[in-house]
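1. Structure for this input, please:
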Amino acid sequence: MKNIKSKVRILTSIAAVAMVVNATSCSDFLDQESQIALKEEDVFNDIENIAPLVDGLYTTYRNLRAGREGLMINLGTDESQQGNFQLISEMEQSGMDKYNGLLSPTSPQVAAIWSKRWPVVSTAAKAIDVLGLLKQTDEVKVLTSEAHFFRALAMFELSMFFGEIPIVDIARVTDAKRRPLSEVWTYIIEDFKLAANNLPATHINKKRATSGAAWAMLGKAYMSAPEASGLRDYAKAKGAFEQMMERYSLVPSYAILFANDRTPDVFQSNTSESIFELQFNNIWPDVNYWEFDCGSRAVDAYFGQGCYFSGYDLLLPTPFAYKPLADGGIWEDGDQRKEVNLRYDFTYNGVTPDLSKTSWTETTDELEPHIRKFEDIRTDKDHGSIANMWNSGKNHPLIRLADIYLLYAECLYRTGATGAEGDHFAYVQKVRNRAFGGIAPAMPQTSGDFIKDLMDERVRELCFEGWRRLDLLRTDLFVELVSKRNKWTNQEHGGANIPDFYMRWPIPDDEIKTNDDMGAGDQNPGY
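-> Numbers count the residues shown, from 1 in each chain. Below you'll find the predicted structure:
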């Protein structure tokens, strides 16, 4: 982000100049400053020129979630960690799982997570500002609401990861200081409220945010707002979910959401369960690369990149996330989600890798279970014309109904309320019945604590979808469960709990040095 104020000014000027240059001769730029100022005013008085600013938010946010940098938020949890070869070959990156001195303000991985989200915040703030100057037609209101949705979405993630953050509001905020959590979360909640009350319930363009997505995120915000903000409210979260749940329905089979290999090839995009879906495809530049980052180096060494589950072991499941319940893991017999989410068998075209015949790196986990959820059969040499696992691009249902059912069950439990279907267990059972293809056994009660057991159920349903770190942070289970279940964290700290300052990532050093409104005292404690 560097300096947020400058970022917004630069973005505005670039947008204006880019549009003006196409229509103005070189001689017209003799008085450059006044021309740019005049043209900027003209540009942003025309909704046809502002709409692309909002449209770009969808691509910018989608792209920050794609690729290696998009998967980094999944490292260092109890459900996923980096592969062994990644750990020993990328020293700075290893700190994301080891929680040692390598996780520092100079970490390029942390810097990317920080910097990639600020263009979304700044662009959304600019759109909100200029749209506020126009006649408030239905089109203007929808575009404004989309901008509020994206500003809140990016701020939600930034504050969960980093704590107090700056607020970008061109009309009301003139500095780039870190703001108290109460102010930050007031903005997040009010942005989602405005979007929920003004976005359409449906949209012919499936990539667009709807009021259902905004109500869902408003509920998540009420559940996630730090206690210190004074804004956490499970009753209000429950109410937000009730505004949108009935608009959606679970698909009949979990495989429909993610299975995209030889048998079956049943994956569907934008289903009845999808509330907000990131639109990818398998043609550059719209690919997401997740298959490559979750695939096996050993498979790549043996079968090559034409095998659709080859890859580089960036993101792997933890032992907890792939072992059966009886062995200290998560999985019950009969749960269909297990084989959809995870790859246990590396046989390809009837052949099992013989690593003695390859230049395999011989690290410990390249043929241990891998993530199957993001595999894309279209990249396979025998299935289509792409034949490169780099080109994966299945859509990603960022917010879906099963997630909301489980959150709603949590709200019912925490408030002592009941829903239309009865108590909190009823909504968990809806999700589990689908997972078992009929009537499922009751959710395992292994801890004696409903919230902990529910968090385990969320791993079964939502593993690797980007919500786990946020779940652990908001429930205050991060230190306990990561220290116990993440292999690399556990090894680094000898089985002891990591210090709790690791619940936040450090503010990047470049931000501290280049933001005039920040200093050394703005660094998160412990770094």
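2. how near is the residue nearest the centre of the chain to Pro444?
-> Central residue of the chain (CA atoms, centre = their mean): Gly466, 4.3 Å from the mean position. For Gly466, the distance to Pro444 equals 24 Å [CB to CB, to the nearest Å]. The C-beta positions use only the backbone N, C-alpha and C, and glycine is treated the same way.
3. Name the residues of the helix or strand harbouring Ile189 that are buried.
-> Element membership for Ile189, per DSSP states H and E: helix 181-198. Neighbour-count burial for helix 181-198, counted by 16 or more other CB atoms under 10 Å, picks out 181, 184-189, 191-196, 198.
4. And stretch 224-236, by the same measure?
-> Here stretch 224-236 shows Ser224, Ala225, Pro226, Ser229, Leu231, Arg232, Asp233, Tyr234, Lys236 as buried, counting by 16+ other CB under 10 Å.
5. could you list every residue that touches the fourth one?
-> Ser229 is in contact with Leu181, Ser182, Val184, Trp185, Thr186, counting by CB atoms under 8 Å, 6 or more residues apart in numbering.
6. pretty sure the fourth one contacts Ala225?
-> Yes. Counting by CB atoms under 8 Å, Trp185 does reach Ala225; the two are 4.5 Å apart.
7. and for the two, which residues touch both?
-> Going by CB under 8 Å, 6+ apart, residues that sit against Trp185 and also against Ala225 are Leu231.
8. Could you check how far the residue nearest to Ala237 when sequence neighbours are not counted is from Glu190?
-> Residue nearest to Ala237 in three dimensions, not counting chain neighbours: Tyr222, with 3.8 Å by CB to CB, 6 or more residues apart in numbering. Going from Tyr222 to Glu190 by CB to CB gives 12 Å.
9. What segments of the stretch 401-527 of the chain are helices?
-> With DSSP state H, counting those that start in this stretch, the ranges of helices along the stretch 401-527 of the chain come out as 401-415, 424-435, 450-462, 468-474, 478-485, 487-492, 509-514.
10. which residues touch the helix holding Ile189?
-> Residues contacting helix 181-198 (CB under 8 Å, 6+ apart): 141-142, 144-146, 148-149, 151-152, 155-156, 159, 163-165, 167, 169, 209, 211, 214-215, 217-218, 221-222, 225-226, 228-231, 240, 243.
11. Just the buried ones out of these, please.
-> Applying 16+ other CB under 10 Å to the contacts of helix 181-198 flags 142, 144-146, 148-149, 151-152, 155-156, 159, 163-165, 167, 209, 211, 214-215, 217-218, 221-222, 225-226, 229, 231, 240, 243 as buried.
12. Next step: those restricted to helices.
-> 142, 144-146, 148-149, 151-152, 155-156, 159, 211, 214-215, 217-218, 221-222, 240 (DSSP state H).
13. my guess is the residue nearest to Ala237 meets Gly230, correct?
-> No. Between Tyr222 and Gly230 there is no contact under CB under 8 Å: 11.9 Å.
14. Give me the phi and psi for Pro317.
-> With angles defined as degrees, to the nearest 10, Pro317 sits at phi -70, psi 150.
15. In this structure Ala235 contacts Thr415, no?
-> Yes. In this structure, Ala235 is within contact of Thr415 by CB under 8 Å, at 5.2 Å.
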